[in-house]
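Asker: 3D, please:
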Amino acid sequence: MRPGANGVGRRPARCNSVVRVNDVRPPLHPSVAALRKAVRDAIAGTASTPSRDVAGADLLVALSGGADSLALAAAAAFEAAKVGLRAGAVIVDHGLQPGSADVAARAADQARALGLDPVLVRVVEVGSEGGPEAAARAARYTALDAARVEVGASLVLLAHTLDDQAETVLLGLARGSGTGSLQGMAPVSGALLRPLLGIRRSQTREACAAEGLEPWHDPHNTDDAYARVRVRERVLPVLEAELGPGIAEALARTADAAREDADAFEEMIEETIEELVEHAEAGISVSAGALAANPAALRQRIIRYIVQSEFGVSLTRSQTIEVARLVTDWAGQGPIDLPGLTASRHAGRIVFAAR
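Answerer: Just a heads-up that it's a prediction; the model follows:
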């Protein structure tokens, strides 16, 4: 038999490629992958500006050093680099806790280690209007927007998660502020972008652990003096225990549906508002007959829309219903006092006038 027949004596085929052990990458942790995809989807279509000054950025990550914002910063640094965007970070030091400057400096170091540039630290003075949480939030958002303008960024990424959304909806329900409270936080609000509203808080912690990131643990997050902490630590666990798992996801879905309804109503209002209103002395007026022809839900939204857009005042439900009675239950009643304005009926029109 000749050599090689039936494979006998045949030389083994050469392998043209050599697989090195070091070339085999470990599988990406599912939570890291989920965060990166969330950021990738959120910043898709964001244009870079290569002619920008060297100190500029296309987007900024609002970084506190906690697990949520740290995981977001890591995902943003990775995804922005892939599409040629410059990603930076801004750390706001509220000065409300001992050692807050050290916490801010540590977060800044972590941002630089992730490749974010520029990294800004802003110290703010928190007032007292609206309570400590509202005052801190107002100071933070003012600082974030100022930083965005300073570096020429088009977006600021916030690390609110699905859990934050669920807590926001529950707090809104407790205030009884109507369907507006069910809308929660919008994924996009002006220059503010919230990529993680579909991500659980547990996933951000897992992502930090998988990437070797050490988050700061804010003691305020466990202080039950804050209503949000009580919702997180007491209310949601009881709901989960009594009604079954998935409560947070259900609340987040409710927020999405409520926002869709609100967007549809607003579009309907904007399409018809010019036909309904006329300018009046010191204000604006709307046809009572046109309002009466609309369903109650749309009628009340039109009233709130007019007052908000013309006077910058957000009416409560009870105030809105009182104004609506000028349309549906007119019996000659006098003007209704509202914050900074009055509403009255005259010659078949509802007149809103500044005081």
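
Asker: Would you map the strands across the stretch 101-250 of the chain?
Answerer: In the stretch 101-250 of the chain, the segments counted as strands under DSSP state E, counting those that start in this stretch are 119-123, 155-157, 188-189, 192-193.

Asker: how close does residue 251 sit to residue 240?
Answerer: Using Cβ to Cβ, to the nearest Å, residue 251 is found at 11 Å from residue 240. To be clear about C-beta, it is placed using only N, CA and C from the backbone, and glycine gets the same treatment.

Asker: So those two - more neighbours on which side?
Answerer: Taking neighbours as other Cβ atoms under 10 Å, residue 251 and residue 240 compare with residue 251 leading, 22 against 13.

Asker: show me where pLDDT drops low in the stretch 251-355 of the chain?
Answerer: Along the stretch 251-355 of the chain, no part satisfies pLDDT under 70.

Asker: And the strands in it?
Answerer: 277-280, 283-287, 336-338, 341-346, 349-354.

Asker: quick one: low-confidence ranges for the stretch 51-200 of the chain?
Answerer: In the predicted model of the stretch 51-200 of the chain, residues 51-55, 176-178 satisfy pLDDT under 70.

Asker: Figure out the length between the terminal residues of stretch 89-100.
Answerer: End-to-end distance for stretch 89-100: 17 Å, by Cα to Cα, to the nearest Å.

Asker: whoops, stretch 326-344 was the one
Answerer: Distance across stretch 326-344, first residue to last, is 7 Å (Cα to Cα).

Asker: Now render the strands of the stretch 101-250 of the chain as CSV, adding distance to residue 112.
Answerer: Putting the strands of the stretch 101-250 of the chain into CSV (distance: least, Cβ to Cβ, whole Å) gives the following:
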stretch, distance to residue 112
strand 119-123, 5
strand 155-157, 17
strand 188-189, 28
strand 192-193, 22
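
Asker: and of those strands, who's closest to residue 288?
Answerer: Smallest distance to residue 288 across those (Cβ to Cβ): 34.0 Å, for strand 188-189.

Asker: The closest one pairs with which strands?
Answerer: Strand 188-189 pairs in its sheet with strand 192-193 (antiparallel), by DSSP bridges.

Asker: got the residue ranges for the helices in the stretch 1-150 of the chain?
Answerer: 30-43, 67-82, 100-113, 132-151 (DSSP state H, counting those that start in this stretch).

Asker: Point out the most buried one among these.
Answerer: Most buried of these, by mean neighbour count (mean count of other Cβ atoms under 10 Å): helix 67-82, with a mean of 25.

Asker: Break this protein into its domains for me.
Answerer: 25-253, 281-354 (automatic domain parsing).

Asker: Just the terminal-to-terminal distance for the longest one.
Answerer: Translated: domain 25-253. First-to-last residue span, domain 25-253, Cα to Cα: 36 Å.

Asker: Report the distance from that domain to the chain centre.
Answerer: In terms of Cα atoms, centre = their mean, to the nearest Å, the centre of domain 25-253 is set 8 Å apart from its chain centre.

Asker: Please apply the same query to the last one.
Answerer: Distance, stretch centre to chain centre, for domain 281-354: 31 Å (Cα atoms, centre = their mean).

Asker: circling back to that earlier point, wait, which of the domains of the chain is closest to residue 262?
Answerer: domain 25-253 (5.8 Å).

Asker: Residue 219: neighbour count?
Answerer: Neighbours around residue 219, by other Cβ under 10 Å: 8.

Asker: thinking it is in contact with residue 97, fair?
Answerer: Yes - in this structure residue 219 lies within contact range of residue 97 using Cβ atoms under 8 Å: 7.0 Å.

Asker: where do the contact lists of the two overlap?
Answerer: Residues touching both residue 219 and residue 97 by Cβ atoms under 8 Å, 6 or more residues apart in numbering: none at all.

Asker: quick one: the longest helix that the chain contains to strand 349-354, angle?
Answerer: The residue-count maximum for a helix in the chain (DSSP state H) belongs to helix 247-276. Going by axes from the mean of the first three to the mean of the last three Cα atoms, to 10 degrees, helix 247-276 is angled at 110 degrees with respect to strand 349-354.

Asker: Give me the helices and strands touching helix 247-276, please.
Answerer: Packing partners of helix 247-276 (3 or more Cβ pairs under 8 Å, 6 or more residues apart in numbering; DSSP states H and E): helix 162-175, helix 179-182, helix 236-243, helix 288-292, helix 296-311.
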